[in-house]
Each structure stands twice: as structure tokens, then as C-alpha cells.
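J.: Structure of the sequence below:
(2 chains)
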Amino acid sequence: MLELATNQGIPVAEHNVEDSPLAIRGLTVSYGQKPVVFSVDMTVQPGAMTAIIGPNGAGKSTLLKAALGIVAPLSGQVTVFGQPLEQQRARIAYVPQRASVDWDFPTRVIDVVLMGLSRQLGLLGRIRARHMSRAMECLNRVGMRDFADRQIGQLSGGQQQRVFLARALAQDADLYLLDEPFAGVDAATEKAIIAVLKSLKEAGKTVVVVHHDLATVTEYFDHVFLINTRKVAEGPVDTAFTAETLQTAYGGRLATAQIDQISRALA
Amino acid sequence: MFWEALTLQLGYNATLVAIGATLLGVSAGVTGTFLFLRKRALVSDAISHATLPGVCLAFMMLVFLGGDGRNLIGLLAGSAISAWIGLLCMNWLTRRTRLAEDAAIGAVLSVFFGFGIVLLTVIQTMGVGRQAGLEGFLLGSTAGMLWADALIIAIGGAATLLMVMIIRRPMTIVAFDADYAAAQGLPVHRIDLAMMGLVMAVTVVGLKIVGLILIVALLIIPAVTARFWTERSDRVVMLAGLAGGLAGYLGAALSAVTPNLPTGPIIVLVSFGFFALSLLFAPGRGVLAAVLQHLKFQRRVHIRQGLLALAQGQKIYEPLTLRLLARAGLARADGVATEAGKALAAKALRDEKRWEVIRADQAHEATAALYDGLRDIETVLTRDQIAEIDRRIGGPQEVPA
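T.: Got it, this is the predicted structure:
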């Protein structure tokens, strides 16, 4: 099942493009003249928890953003559940990086979660009791029910991250894409988030997470996608997350000691 | 006299101006709020300056076609077209070149305005130019306002408000988190264009009253003013409309009773007055509130630290702490605790212990977030919860003498 950079472009994935929640073919994204993501193929497995891993600046977040049409790719195709992205928007929930917004924005926690219902509400639909209770239920799932009326600026970083997750939950999607949800959060938040993600997986949802902490990969995820501008490896953790693939993805940036540690953990 | 102005009894023109200025204030305040929330306040300045060439070209064309160059609808249509071109230029510069938005704003603003001034000079040499009164569009001129002008402002303002109300939700989501909005399938770019288009509409409608140089003040100041009073975006929008409308109304009345004062700038100054009052006196975000809160906070910190020091039998060196404790009757001037001081000190130490339990317990997370080293435990927990914690940490201890 392991796919190395050498056989890029030849789809040897476990599932076809048709039933993959997110299938990317030949995706290239560049800022200016420098490609950040180059000719990448990715086939996300349905019902799996996949970690996108790679060094800083390897194009992890960009891959996610291009898959969602937030940044325009130079080339490549994206299908979601076998169909064009635009037709499947309602089935995708995205959790951006926490640092991407201004937390002094005049809004309360509950208002942020209600944003997740905006597709349902439409332009002029009134926010009714059932929308409020749905939003509260999502806050409850991330342990933030008591914070509903707080201004978002009063939250700690971890709490902000959980509010973002609650907003995604409100969408009741089938595919969840999270950009570095564990970056700079406290242990309690990390636990709460991983519990929610695991419950999503149990409910048959597909979860893709941009992840930076190599130490927790085997514990949290069942699939990995290693990238460093080009795809390095893709597949189940036990075959694709190895000392060899990590060495290829990180090059000299990862200390040998770290790699040894991970290989020992894997063995 | 001022009362008569406020009750619209100062004649036909004054009444028209007051109604027009109020409506303009409301729609500018409401529309400008979204620009402010999107952090694009200065875009409105470029848009407004880009109206000038359009006004002049429209005038020249009207005269050339043998019509009356002062036809307001014609002039406003011209201004809208050139403002839209300016807007597209700015958008293109920001999105397709490496120029940052501030540079694009500067470029569009100065070039369009410069071109407009050249055209204005040309018109003045045209012969018909003397009576054109186009300079009025720079700073507004309400002296000869007609019923038709007021009607245009009313209809334009109301239409803009209606549009804003319809797309307020997507505009708010885009302003808070554009990436998330895009992932949800919202057309972020088009929503931004619509927002700036609405700002342009307000600008064009407001040309007659405040002019193109000062309209930015009516768009932005009410939003900034409103932000001082609330933490909710929907309320910022409403309060900004209120502040803008009130400024328009009061400003028009003020300038009606003092005929030599120009209406537009007076409205802006009244608006600034509201801003200054909010800046100083708003609870929470205002300057005065911040200073008072800081002093109060400092006092609480010192008393708390002093009490904890007393409870643990440590000597207090900080003069401010000693002074505050003495003034509160908790310690003598030499730092020895009074009876009241001893009781409070014991309580403070015990609260610290209770907080330790709360902060270590995941079940109390929401409460733990409130910990600041100062709060009395009773303000955050029920009697039963405190009793439960006390069971865990054992009985109270004596304060050392």
C-alpha cells in the first residue's frame, strides 16, 4: 500500500477516486514563481483519520486550502465523494488555523458556532430555537457550553480552537478538514479535540488533519500523508510512517535521534 | 433657534437638508461598519476620491449634448462609473500585482483625484464653468438643495440599507474569517465587491451633502464609535446607524442656525464628538474605564498580596500595599494585622487552596478559566461545591500571629 515519490502519478490507492471523500490529482499550487505544492495526488480513505505531515513550509496547509478552493491551484483536479467540489460543499467542514482570524472581532462564542449553520439558514432565515440548541449541543461536545455568551477575545488559545471545532461540528458534514488543530493548545484541549475526532470517525465520518507533532501520529491516526512540496508517502500508518519516509520528507531537518525514537515506537 | 432647527421649523431648505443628512448618516454608518469590520476602512477614501473625474466628465458631456450640466442624476451616474473604475483598479492592483492594499489605495486615490482636479480646472475655463458649482462636490454644498435632491438621497440611502440587510450575514462571516467563508462556498470576492459597491453607492448619494473628501468620516467614525459600546457585530451595525443618523441630524440643525458654517464638515465634527465621548467614557473599552479598571485592579492585587503575606507571617515591604491595607483597616501602619485583617487573610489563603483544587480538576474548567488570583470563591461556586472542595483539602488552619 505504500506509495513512494518514485511512483508518483500512478494511482495505487486502496480505493478508487469515485468513493474517496477527497481525491486530488496532479495538484500544483504556487505563490509567485515558486511551487509550494507540486503535482500531488492524494486519495483520502473513507472513514479514516488521516494526518498530513511534513516539515515547515512543505505545503501542508496550502494543500488543504487548494483542495477547498480557498487558494487557486495552477493545475490539478479535486473531487469530493466522486463529484466536483462545488456540488459537495455542504458535506465538508473546515477548521482553519486559529491564528488566521482576529480574536478581537466583536462576536460571541455562540455567534461563531452559528456561522456553521449559515448554509442552512440561507440569506434571510431567522435563527430559531432549534438552531440555537444545535449550536449549544456542538459547544457541549467540545466542553465549551458554559462559554457561549463570552466574547471570543476572552478565551484561551485552546478554547478558541475548540470553538472553531464546534463551528465545524454544527455543519454536520461528512468530511472534516482541520489545519493544525493541536498547535499551541493545552493538554485538556488536545484531549477534548481528539475525543471529538474519534467520535466522528466512529460515526463513519472522514477526518483529515494537518499535524505537526510526530510523536502522537501513531496514537491519533490510522493513515498518514507525507508531503514536502511533492508527495513522499501515503497509506496506513504502519507502512507509510517509517524512518525511511520521514527521512525523505524531512531530510536533514529531522534529527537522527528523533527518527530512531519514532522507529522504535513503531517497532 | 436651535430648537426650531431640531424640530424642522426653520424653513423648507433646512428641513430637506436635515432629513437628507439623517438618512445619509444612517446608511453611511451601517454600510461603513462592514468595511470597518473587514479592516478595509481606507478603501472608502479611495472610492470617494475616484468619483471626481466622473462628476467632471459627466458635466462636460451634459453641456456638450446641450443639456444642463448641473443635472444631479447625470452627475451622480458619472461619479458612480468612475468610482467603480477606481474600485476595479484597486482590486486589480491588490490581487494581481505585488502591491499591498495600502499602496493600491494611495495610487488610485491620488491619480483619480489629480485627474479630477485637472478636469475641474478645464471646466472653469469653459465659460459655462463659473456657474457649475462643481467645487461643491468636494466638501458638499447644501445651500441650494432641491426636493429632487433630497428624494435621490432618500431613495439611494434606503436602497443601500436594504441591500446591506440582505447580505449582512455573509459579509460578517467574510469579515471574521474569509478562509472559512470560502470553504463554505461563499463567493468571498463577490461579497467584497458588493460591500465596496454599497460603500460607493453611499458615497455617491452623499456627495451633495458632505462631499467626497469627508464622506470617509461618515462611513468609518460611527462604526468605530459603536465598537466602544458592544462586543457583538450586529449591535455594532445598529449603533453605528444610530450614531451616524444622529450626527447627520444634529449637524444639519447646527449648520442651519449658523448659516455661515458648512453642513458637511459640521456633521463630521458632531460625529467626531460622539467618537470622543465614546473613546473617553464608554464602559469597558473606553479610556477612562481602562484607567479606573487598572487602578482598581492594582488595588485588589496589592490587598490580596498583602493578605496572603499576612496569612503566611511574611513581612510586607511595599509601601503601597501597607498603605492600602491600613486604609482598609486590615493592618496597622507598621504592618501588623488587625483582627479583621487576620480573618480576611485566613480566608484568602484558604481560597488559594480551593482554587488549586479547581484548577487541577478538568470538571471545573470553565470556572478555572476565571482564576486571576483575586476572585472570591463564593462568586464562582455554589455553597455545596465549596463544601465538596473543603472536604478534599481538610479543615481550616490558624493564621500565625
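
J.: wait, does the longest helix along chain A contact chain B?
T.: Longest helix of chain A, by residue count under DSSP state H: helix A:187-202. Yes: contact of helix A:187-202 with chain B (CB under 8 Å from any CB of the partner chain) involves A:Ala188. C-beta here means a position set from N, CA and C on the backbone, and glycine is covered the same way.

J.: I'd like to check the angle between the very next helix or strand once past that helix and helix A:187-202, please.
T.: Counting by DSSP states H and E, the next helix or strand C-terminal to helix A:187-202 is strand A:206-210. On the basis of axes from the mean of the first three to the mean of the last three CA atoms, to 10 degrees, strand A:206-210 is oriented at 140 degrees to helix A:187-202.

J.: Do strand A:206-210 and chain B come into contact?
T.: No: using CB under 8 Å from any CB, strand A:206-210 stays clear of chain B, with a minimum separation of 12.8 Å.

J.: For that strand, enumerate the helices and strands it packs against.
T.: Secondary-structure packing of strand A:206-210 (3 or more CB pairs under 8 Å, 6 or more residues apart in numbering or on different chains; DSSP states H and E): strand A:49-53, helix A:60-67, strand A:175-179, helix A:187-202.

J.: For the stretch 51-200 of chain A, list the residues in contact with chain B, please.
T.: Residues of the stretch 51-200 of chain A lying near chain B (CB under 8 Å from any CB): A:65, A:68-70, A:86, A:89-90, A:92, A:94, A:96, A:100-102, A:105-108, A:111-112, A:115, A:118-119, A:121, A:123-124, A:143, A:146-147, A:151, A:155-156, A:159, A:167, A:171, A:177, A:188.

J.: Mean pLDDT added to the helices and strands packed on strand A:206-210, as a markdown table?
T.: What follows is these, written out as a markdown table (pLDDT from 0 to 100):
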| stretch | mean pLDDT |
| --- | --- |
| strand A:49-53 | 96 |
| helix A:60-67 | 95 |
| strand A:175-179 | 97 |
| helix A:187-202 | 93 |
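
J.: so which of those gets nearest A:Ser133?
T.: helix A:187-202 (18.4 Å; CB to CB).

J.: How about residues contacting that closest one?
T.: Residues outside helix A:187-202 that contact it (CB atoms under 8 Å, 6 or more residues apart in numbering or on different chains) are A:47-49, A:141-143, A:158-159, A:161-162, A:165, A:169, A:176, A:178, A:181-182, A:185, A:207, A:209, A:220, B:362, B:365.

J.: Where does pLDDT dip in the stretch 151-267 of chain A?
T.: Counting by pLDDT under 70, the stretch 151-267 of chain A shows low-confidence ranges at A:253-261, A:263-267.

J.: any idea where the helices of it begin and end?
T.: Remark: helices assigned in the stretch 151-267 of chain A by DSSP state H, counting those that start in this stretch are A:157-170, A:187-202, A:217-220, A:237-240, A:243-250, A:256-266.

J.: quick one, which of these is packed in tightest?
T.: Most buried of the helices of the stretch 151-267 of chain A, by mean neighbour count (mean count of other CB atoms under 10 Å in any protein chain shown): helix A:157-170, with a mean of 25.

J.: now the residue of the stretch 251-400 of chain B found nearest chain A, nearest residue through space, not along the chain?
T.: Of all residues in the stretch 251-400 of chain B, B:Ala366 sits closest to chain A, at 3.7 Å by CB to the nearest CB. Spatial nearest neighbour of B:Ala366, excluding adjacent residues (CB to CB, 6 or more residues apart in numbering or on different chains): A:Asp146 at 3.7 Å.

J.: hang on, the earlier thing: the residue of the stretch 251-400 of chain B closest to chain A and A:Phe147 touch, don't they?
T.: Yes: using CB atoms under 8 Å, B:Ala366 is in contact with A:Phe147, at 6.4 Å.

J.: the more surrounded of the two?
T.: A:Phe147 (23 against 15; other CB atoms under 10 Å in any protein chain shown).

J.: For the spatially closest residue to that one that is not a sequence neighbour, which residues are in contact?
T.: Spatial nearest neighbour of A:Phe147, chain neighbours left out: A:Val109 (5.0 Å); criterion: CB to CB, 6+ apart. Counting by CB under 8 Å, 6+ apart, A:Val109 touches A:Leu139, A:Met144, A:Phe147, A:Ala148, A:Asp149, A:Arg150, A:Ile152, A:Leu155, A:Val163.

J.: thinking the first one is in contact with A:Asp149, fair?
T.: No: proximity of A:Leu139 to A:Asp149 does not meet the contact threshold set by CB under 8 Å, at 10.7 Å.

J.: what sits in contact with each of those two?
T.: Both A:Leu139 and A:Asp149 are contacted by A:Val109, A:Ile110, under the criterion CB under 8 Å, 6+ apart.

J.: Of those two, give the one with the bigger neighbour count.
T.: Here A:Leu139 and A:Asp149 are set side by side on neighbour count (other CB under 10 Å), and the busier one is A:Leu139, at 25 against 10.

J.: where does that one fall, phi/psi-wise?
T.: Main-chain torsions, A:Leu139, degrees, to the nearest 10: phi -60, psi -40.

J.: Pull up the gap between it and A:Phe164, please.
T.: 12 Å (CB to CB, to the nearest Å).

J.: Near chain A, which residues of the stretch 151-300 of chain B? Just list them.
T.: Neighbours of chain A within the stretch 151-300 of chain B, by CB under 8 Å from any CB: B:166-167, B:169-170, B:172-173, B:175-177, B:179-180, B:182-185, B:227, B:230-233, B:235-236.

J.: okay, now A:Val78: neighbour count?
T.: With other CB under 10 Å as criterion, A:Val78 counts 18.

J.: how about the lowest-mean-pLDDT helix or strand in chain B: buried residues?
T.: Every helix and strand of chain B was ranked by mean pLDDT, DSSP states H and E. The lowest is helix B:365-368, at a mean of 75. For helix B:365-368, the neighbour count (16 or more other CB atoms under 10 Å in any protein chain shown) marks B:Glu365, B:Thr367, B:Ala368 as buried.

J.: which residues touch it?
T.: Contacts for helix B:365-368 (CB under 8 Å, 6+ apart): A:Gly143, A:Asp146, A:Phe147, A:Ala188, B:Ile358, B:Arg359, B:Asp361, B:Val380, B:Leu381.

J.: Buried members of those into PyMOL, please.
T.: Here is the PyMOL command that selects the buried residues among the contacts of helix B:365-368 (16+ other CB under 10 Å):
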select buried, (chain A and resi 143+147+188) or (chain B and resi 358+380+381)
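
J.: Including secondary structure and distance to A:Val29, could the contacts of helix B:365-368 go into CSV?
T.: Formatted as CSV, the contacts of helix B:365-368 follow (DSSP: H, G, I helix; E, B strand; the rest coil; distance: CB to CB, whole Å):
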residue, secondary structure, distance to A:Val29
A:Gly143, coil, 36
A:Asp146, helix, 41
A:Phe147, helix, 36
A:Ala188, helix, 35
B:Ile358, helix, 47
B:Arg359, helix, 44
B:Asp361, coil, 46
B:Val380, coil, 48
B:Leu381, coil, 51
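
J.: with the contacts of helix B:365-368 in mind, which one is nearest to B:Leu288?
T.: Distances from B:Leu288 to these, taken by CB to CB, are shortest for B:Val380, at 27.8 Å.

J.: Show the pLDDT at that closest one.
T.: Looking at B:Val380, its pLDDT stands at 78.

J.: so it touches B:Asp372, yeah?
T.: No: under the criterion of CB under 8 Å, B:Val380 lies out of contact with B:Asp372, with a separation of 10.7 Å.

J.: Flag the shaky bits of the stretch 201-350 of chain B, pLDDT-wise.
T.: Nowhere does the stretch 201-350 of chain B drop to pLDDT under 70.

J.: so which residue of it comes closest to chain A?
T.: Closest contact between the stretch 201-350 of chain B and chain A, by CB to the nearest CB, is at B:Glu231 (4.2 Å).
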